[in-house]
Each structure stands twice: as C-alpha cells, then as structure tokens.
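Asks: mind folding the following:
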Amino acid sequence: MASLLDMRRRIKSVKNTQQITKAMKMVAAAKLKRAQDRVTASRPFAGKMSEVLGGLSAKVADEFSHPLLDERGDEKYLIVLISADKGLAGAFNANIIKATQAFLKENSSKEAEMIPVGRKGRDFFKRRNVKFVDEYIGLTGSGQVVHADAVDIAHRLIKKFTEDETIDKVFIVFTEFKTVLSQKPVIEQLLPIPKTASDDENAGGVQAEYIYEQPAAEIFGKLLPKQVETQIYKGMLESVASEQGSRMTAMDSASKNAGELIDTLTLNMNRIRQAAITKEIIEVVSGAAAA
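Replies: Below is the predicted model of the structure:
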C-alpha cells in the first residue's frame, strides 16, 4: 500500500497537471474565437470564387485552354496534407492522418507524392517512406495563418504541376471546422481546377451570362492561380480552427478527469491516514493493557 507521503505527492502532481490543462484550454478558447471568425469570413468568398470559376471553366472549355484546367490522366497524385505542428489536440491529427491513409489505400494503384503542411503529418508519413515534394513546418503553430504562406505554397504547387506533366491530379486534405465538438476531414481536388455547373444550371434555371472586358486568357491567367491560393488559405484556416476546437475540448476533458482523479486520491489518502491513526490508537491501548 502506498504511504501517506506518496499519496500527497501524487495529488500534488495531478493538481499541477490540472492547472496546465486548464491554462491550455483557456489559450485554445481565445485562439479558437479568432480562428473561427476568420474561417467564417473566408467561406463566402472562397465558395463563390470556386462556383464562378468552375462555371466559367466549363463554358469556355472549347475555346480556351489553360494548364490549371487541362485534364490529364489518372495515374499520379500529389497530396497537400494540412495537419498540426503540435499535439495535445485530441483526435485531430489522428483523424486527418487516417483519412489520408484511407485515400491512399483506395488509390493504391496510383503513384502518390505529398506536400505536408504541419509537423505531425510530416513525421507520420516520413516514417512510412512517402515521397515528399516539399514540406512546410511551423506555419500554424501560433494558431494564426498568414496569407503570404498560403500564396507561397500555392506558387510552389502550381510550378510543380505545370512543370511536371506526370502529375495528373492534386488533392488537398484538411479538417473542416463545423462546431467546437465536430470537425470533419475533407479531401478535395485542387488541380486541375474542377469544372462545375452553377446552381442555376443544376436547378434548370436561367444560365448566367458573363461579359469579358479582357481576353479570356488574361482573365484566367490571373484568376486561376488566385483560386489555388484561396483554397489553400481556406484549408489552412479551417485546419487551425479545427485544431483549436479539438484542443479546447481535449483539455476540458483532461481537466475534468484530473479533478475526478484528485477526488479519488484524496479519498484514498484519508483512508490511509485513518488506518494509521487507528493503528496507533490500538498500539497505545494494547501497551496500556499489557502494563
């Protein structure tokens, strides 16, 4: 049986851990509020940009060609995986890694390369000998996303895609933020940019007509790279918000579990102390009776 001193040390250790988890929960909550606001602000622009460019790309497919729109084969994939740089975020990193593994397993016949954004994803797939085209570490560790970092990743990705014609498709894997308790791993095709019909066309309504003031080549030459930048930036924002939400939930659970453990250890400590007191009383009474 543990001694009274050992129990007191364990209780003190758990209390110190509880203080840390409570502090981490508060920090995550503050970062989550900022990240959630930025995600909410970015979604309408990113969604509308994808809708408009997807519709325009489908309409001008016969009269205009661009490297970011041209369909290729289906043999080699490049995956941009956005994970966290830090742990202690519940199942956040495990879920995004599992989703990526499932995608690779479903497409096991395809050759796959990867650009990890985040230390956890990089470390996991590095041990599994996945080929990296590039890697980006430390971009989201502070809980904020800098747009210039997303632009840098997009330019590197576009250059790789246009120069290496063996790459058929580029996918982005990130965690979509829904609520503090709910985050969903998402896999989306990034390149070539998908050609989609607008909501009006899908509903059988009037098709939107666009008037070009500049040639289509000039317009798409500027907007298509911007589309890649926007989707990567949105994915990083979604990932950061999901990470902070998952960390806040995990630290809240850890704090509650620590409190329950403290109560259990305190009860055991009191029992040990009571047993020691009872033993001393019995020894005194026994000694007095023997005298």
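
Asks: show me the contacts for the nearest residue to residue 107 once chain neighbours are set aside.
Replies: In space, and not counting its chain neighbours, residue 107 is closest to residue 77: 6.6 Å by C-beta to C-beta, 6 or more residues apart in numbering. The C-beta positions use only the backbone N, C-alpha and C, and glycine is treated the same way. Residue 77 makes contact with 107, 110, 111, 112, 113, 167, 168, 169, 170, 171, according to C-beta atoms under 8 Å, 6 or more residues apart in numbering.

Asks: burial check on residue 214, number of neighbours?
Replies: Residue 214 has 10 neighbours, counted by other C-beta atoms under 10 Å.

Asks: what sits opposite the closest residue to residue 110 other than its chain neighbours in the beta ladder?
Replies: Using C-beta to C-beta, 6+ apart and skipping residues adjacent in sequence, the residue nearest residue 110 is residue 77, 5.3 Å away. Note on residue 77: beta-bridge partners by DSSP bridges are residue 112, residue 169.

Asks: quick one: the closest residue to residue 224 other than its chain neighbours from residue 111, how far?
Replies: Setting aside the residues directly before and after it, residue 224 is nearest to residue 68 in space (C-beta to C-beta, 6+ apart), at 4.5 Å. Separation of residue 68 from residue 111 (C-beta to C-beta, to the nearest Å): 21 Å.

Asks: which of the two has more residues huddled nearby?
Replies: Legend: neighbour count by other C-beta under 10 Å for residue 68 and residue 111, higher for residue 68 (21 against 13).

Asks: wait, what's in contact with that one?
Replies: When the contact criterion is C-beta under 8 Å, 6+ apart, the partners of residue 68 are 158, 161, 162, 191, 192, 193, 224, 225, 228.

Asks: show me the residues you listed that map onto strands.
Replies: For those, the ones inside strands are residue 191, with DSSP state E as the criterion.

Asks: neighbour count and distance to residue 217 added to the contacts of residue 68, as TSV?
Replies: Conversion of the contacts of residue 68 to TSV gives the following (neighbours: other C-beta atoms under 10 Å; distance: C-beta to C-beta, whole Å):
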residue	neighbour count	distance to residue 217
158	19	16
161	21	18
162	14	15
191	27	18
192	19	16
193	22	15
224	21	11
225	17	13
228	23	17
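
Asks: per-domain residue ranges of this protein.
Replies: For the chain, automatic domain parsing gives the domain ranges 4-22+250-290, 27-199+209-249.

Asks: reformat these as CSV; add mean pLDDT.
Replies: Formatted as CSV, the domains of the chain follow (pLDDT from 0 to 100):
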stretch, mean pLDDT
domain 4-22+250-290, 88
domain 27-199+209-249, 86
